[in-house]
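Participant: no sequence for this one, just the structure:
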């Protein structure tokens, strides 16, 4: 089978949850089909193209750089074009023309992210599989609810409405829609037919399950956060944590540290961390093992977002007790107090963290429960098998 895989960024190196999923899908399909990848290039992606192509056996590859800012002028242009701003910012005439020339020769088009559906011509009559990394409109709805600025809230609400209409339209056109369980519900609620959906999961590095248990006595009084900080939801959650939760923790545990591993923190988070005692921004860390093995608690204080959070899955794989929010645990069959701790309240979150910092028995029981859940429910094979089936029926 000839598969055309459209993706909005180079799936290499694997530095975020979305990229991990895209890469896994490409590798899986390439082992079984003739796969051609068309990828937009962002940031330093161009530096990694040759390495990516040497690692994955593709039948064809085409890439085009895009660099379109989130600006007022582009917002106006997106209204003129009749598409959401994020879709407009991923628009490229060269990529559109290339895909238009070759698409008729493919049996299936796999659209990896709603941003890339714009490249499927209306005339294409083959099978289209849409991979919804998130229910994007939900993310913007939630962003509007938590942002302090009224103009930002109004803009986010407007963008959410536009994305909602766009996701409904492309969901109606797709032959199958891959989405996490919670995103299935959100997309079905706006009119995408339930029979189109195939449930899939965003997972992480399953090899972490093979590593030995982290032991309480080998850890330090340290919290660990891992995530790409160029994603607004990650920055927002950390800023909330530093302002609302961290001061209480420091009052009780003056020796406590928070280590943040993630690229592109931005000016506001960098400044907040610099003036906050005990906080260290490491930037991108390629090998996280030493941090996992010596940190006592993993935090994921997300206030908005959508889909399964790979950072949480990886921490469960590694056996590090997790403290997160309702948003952070969406799509997972985890029980608060057993597999991890869930709280949207700053006071309750700080109390749960303090308990895990001091109670070795509680810590060990949660480590084992979380790791058992991840091993039992969240392996890659079933998810990839369902994605494969979506290409065929």
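Facilitator: Okay, I see it. Just so it is clear, the model here is predicted, and its values are computed rather than measured.
Participant: thought residue 168 was touching residue 191?
Facilitator: Yes: here residue 168 lies in contact with residue 191, judged by CB atoms under 8 Å, at a distance of 4.9 Å. Heads up, the C-betas are built off the backbone N, CA and C, glycines and all.
Participant: The two - which one has more neighbours?
Facilitator: residue 168 (16 against 13; other CB atoms under 10 Å).
Participant: Next up, the contacts around that one.
Facilitator: Listed by CB atoms under 8 Å, 6 or more residues apart in numbering, the contact set of residue 168 reads 187, 190-192.
Participant: Show the contacting residues for residue 187.
Facilitator: Residue 187 makes contact with 132, 135, 167-168, 171, 177, 179, 197, according to CB under 8 Å, 6+ apart.
Participant: Which one among those residues sits at the bottom for pLDDT?
Facilitator: Looking at the contacts of residue 187 by pLDDT, the weakest one is residue 135, with 92.
Participant: residues contacting residue 161?
Facilitator: Neighbour list for residue 161: residue 137 [criterion: CB under 8 Å, 6+ apart].
Participant: Name the helix or strand for it, please.
Facilitator: Applying DSSP states H and E as the criterion places residue 161 in helix 150-173.
Participant: Going along the chain from that helix, find the next helix or strand for me.
Facilitator: strand 176-179.
Participant: Show me what that following strand is packed up against.
Facilitator: Packing partners of strand 176-179 (3 or more CB pairs under 8 Å, 6 or more residues apart in numbering; DSSP states H and E): strand 127-131, strand 197-199, helix 380-392.
Participant: The longest one versus strand 127-131: what angle between them?
Facilitator: Taking axes from the mean of the first three to the mean of the last three CA atoms, to 10 degrees, one finds helix 380-392 and strand 127-131 inclined to each other by 150 degrees.
Participant: quick one: the helices in the stretch 201-350 of the chain?
Facilitator: In the stretch 201-350 of the chain, the helices defined using DSSP state H, counting those that start in this stretch lie at 232-244, 246-252, 266-274, 289-294, 310-318, 346-358.
Participant: If you count neighbours, what's buried in the fourth one?
Facilitator: Judged by neighbour count using 16 or more other CB atoms under 10 Å, the buried positions of helix 289-294 are 291-293.
Participant: show me what contacts the nearest residue to residue 12 once chain neighbours are set aside?
Facilitator: The shortest distance from residue 12 to any non-neighbouring residue, by CB to CB, 6 or more residues apart in numbering, is to residue 52 (3.7 Å). Each residue near residue 52 by CB under 8 Å, 6+ apart is listed here: 10-12.
Participant: between the helices of the stretch 201-350 of the chain, which one is nearest to residue 391?
Facilitator: Among these, the nearest to residue 391 by CB to CB is helix 310-318 (23.3 Å).
Participant: How far away from the center of its chain is the closest one?
Facilitator: 12 Å (CA atoms, centre = their mean, to the nearest Å).
Participant: now it: mean pLDDT?
Facilitator: 95.
Participant: Equivalent analysis for stretch 70-84, please.
Facilitator: Rounded mean pLDDT across stretch 70-84 is 94.
Participant: Contacts for the helix or strand bottoming out on mean pLDDT in the chain, please.
Facilitator: Among the helices and strands of the chain, helix 136-146 carries the lowest confidence by mean pLDDT, DSSP states H and E, at a mean of 87. Contacts with helix 136-146, where a contact means CB under 8 Å, 6+ apart, come from 86, 114, 152-154, 156-157, 159-161, 163-164, 167, 183, 186, 190, 232-233, 236, 303-306, 327.
Participant: Just the buried positions in it, please.
Facilitator: 136-144.
Participant: mind giving me JSON lines with the helices and strands packed on strand 176-179 and columns for distance to residue 256?
Facilitator: Output for these, formatted as JSON lines (distance: least, CB to CB, whole Å):
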{"stretch": "strand 127-131", "distance to residue 256": "40"}
{"stretch": "strand 197-199", "distance to residue 256": "39"}
{"stretch": "helix 380-392", "distance to residue 256": "35"}
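Participant: how about those in a markdown table, adding mean neighbour count?
Facilitator: Formatted as a markdown table, the helices and strands packed on strand 176-179 follow (neighbours: other CB atoms under 10 Å):
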| stretch | mean neighbour count |
| --- | --- |
| strand 127-131 | 23 |
| strand 197-199 | 18 |
| helix 380-392 | 16 |
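Participant: Mind checking these for the one nearest to residue 34?
Facilitator: helix 380-392 (12.1 Å).
Participant: helices and strands around the closest one, which ones?
Facilitator: By 3+ CB pairs under 8 Å, 6+ apart, helix 380-392 packs against helix 17-30, strand 127-131, strand 176-179, strand 197-199.
Participant: List the contacts of residue 278.
Facilitator: Each residue near residue 278 by CB under 8 Å, 6+ apart is listed here: 246, 250, 256-258.
Participant: Pipe these into JSON lines and attach neighbour count, pLDDT and distance to residue 321 per row.
Facilitator: What follows is the contacts of residue 278, written out as JSON lines (neighbours: other CB atoms under 10 Å; pLDDT from 0 to 100; distance: CB to CB, whole Å):
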{"residue": "246", "neighbour count": "25", "pLDDT": "98", "distance to residue 321": "18"}
{"residue": "250", "neighbour count": "17", "pLDDT": "96", "distance to residue 321": "20"}
{"residue": "256", "neighbour count": "22", "pLDDT": "97", "distance to residue 321": "15"}
{"residue": "257", "neighbour count": "16", "pLDDT": "97", "distance to residue 321": "16"}
{"residue": "258", "neighbour count": "25", "pLDDT": "98", "distance to residue 321": "15"}
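Participant: what's the closest of the residues you listed to residue 79?
Facilitator: Among those, residue 246 lies closest to residue 79 (CB to CB), at 40.0 Å.
Participant: what sits against that closest one?
Facilitator: Going by CB under 8 Å, 6+ apart, residue 246 touches 258, 276, 278-279.
Participant: ok so, going back, name the nearest of the contacts of residue 52 relative to residue 108.
Facilitator: When the contacts of residue 52 are ranked by distance to residue 108 (CB to CB), residue 11 comes first, at 18.0 Å.
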